[in-house]
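S.K.: With the sequence up front, the predicted model follows.
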Amino acid sequence: MNVPTRPAVPMLFVEVEGVLRKTPEDLGRPWRGPFDIEVHEDAVERLRLWKGAGGRVIGFSQQGGVALGETDDQTAVRTLWTVRERVANLLDHVVHCPHHPDATMPDLARCWCRLPKPGMLIAGQHEVSLRQHEQYPLWMALLVARSPEALQAAADLDLDHLDGDRWRRDGGAPAGA
């Protein structure tokens, strides 16, 4: 008897801030709230290409303001889902880390998901795998980010990775390729 195998599918991890969502620095004005979200149109096109080729996409974000009391978890989640909507629902899943090392509560200061630790990326991939009944081999994955922490996580996990600006601009080739 043959055991059915899960199909191998490419996985794209995309940092929400600065790669998908324009940051206050990108906009040249102060942030006005969670629904003041603009996305990079070239990023939406890159997501369409990845999805059109049969890949899956996870958006990830560090939301340390939750642990610092600057926002609440519900607002952080709502913001991520708004980003998902603004990128034409091309994200298969969004995941965030609400922790920050400067938080006063130990359970908010220490975690396994804050980049460059791998927990957030692994949890996102696991969630999509459970829903889609697929596998995501490491050699078929790509991480796109601007933050040094996310790029370090990719290097630590031996994931191919690209700077977000380069990816949005021209698709580029993974670092080390």
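M.R.: Right, received. Where do you want to start?
S.K.: can you tell me which strand in this protein is longest?
M.R.: If you go by DSSP state E, the chain has its longest strand at strand 56-62.
S.K.: If we go by neighbour counts, what in stretch 123-142 is buried?
M.R.: Buried residues in stretch 123-142, defined by neighbour count with 16 or more other Cβ atoms under 10 Å: 123-125, 128-129, 136, 141-142. Quick note: C-beta positions are derived from backbone N, CA and C, even for glycine.
S.K.: Narrow those residues to those in strands?
M.R.: Among the buried residues of stretch 123-142, the residues falling in strands (DSSP E) are 141-142.
S.K.: Columns pLDDT on top of the buried residues of stretch 123-142, output as a markdown table?
M.R.: Formatted as a markdown table, the buried residues of stretch 123-142 follow (pLDDT from 0 to 100):
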| residue | pLDDT |
| --- | --- |
| 123 | 96 |
| 124 | 96 |
| 125 | 96 |
| 128 | 97 |
| 129 | 95 |
| 136 | 95 |
| 141 | 96 |
| 142 | 96 |
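S.K.: for this protein, which spans come out with low pLDDT?
M.R.: Residues of the chain meeting the criterion pLDDT under 70: 1-4, 27-35, 172-177.
S.K.: let's go with 80 and repeat that
M.R.: 1-4, 23-36, 171-177 (pLDDT under 80).
S.K.: the strands in it, which residues?
M.R.: Under DSSP E, the chain gives strands at 11-15, 56-62, 93-97, 141-145, 160-163.
S.K.: ok, and the closest non-adjacent residue to residue 44?
M.R.: Spatial nearest neighbour of residue 44, excluding adjacent residues (Cβ to Cβ, 6 or more residues apart in numbering): residue 87 at 5.2 Å.
S.K.: looking at it, residue 68 is touching residue 98, isn't it?
M.R.: No. Taking Cβ atoms under 8 Å as the definition, residue 68 is not a contact partner of residue 98, at 9.8 Å.
S.K.: ok, how many other residues are close to residue 15?
M.R.: Residue 15: 22 surrounding residues under other Cβ atoms under 10 Å.
S.K.: what lines up beside the longest strand of the chain in the sheet?
M.R.: strand 11-15 (parallel), strand 93-97 (parallel) (DSSP bridges).
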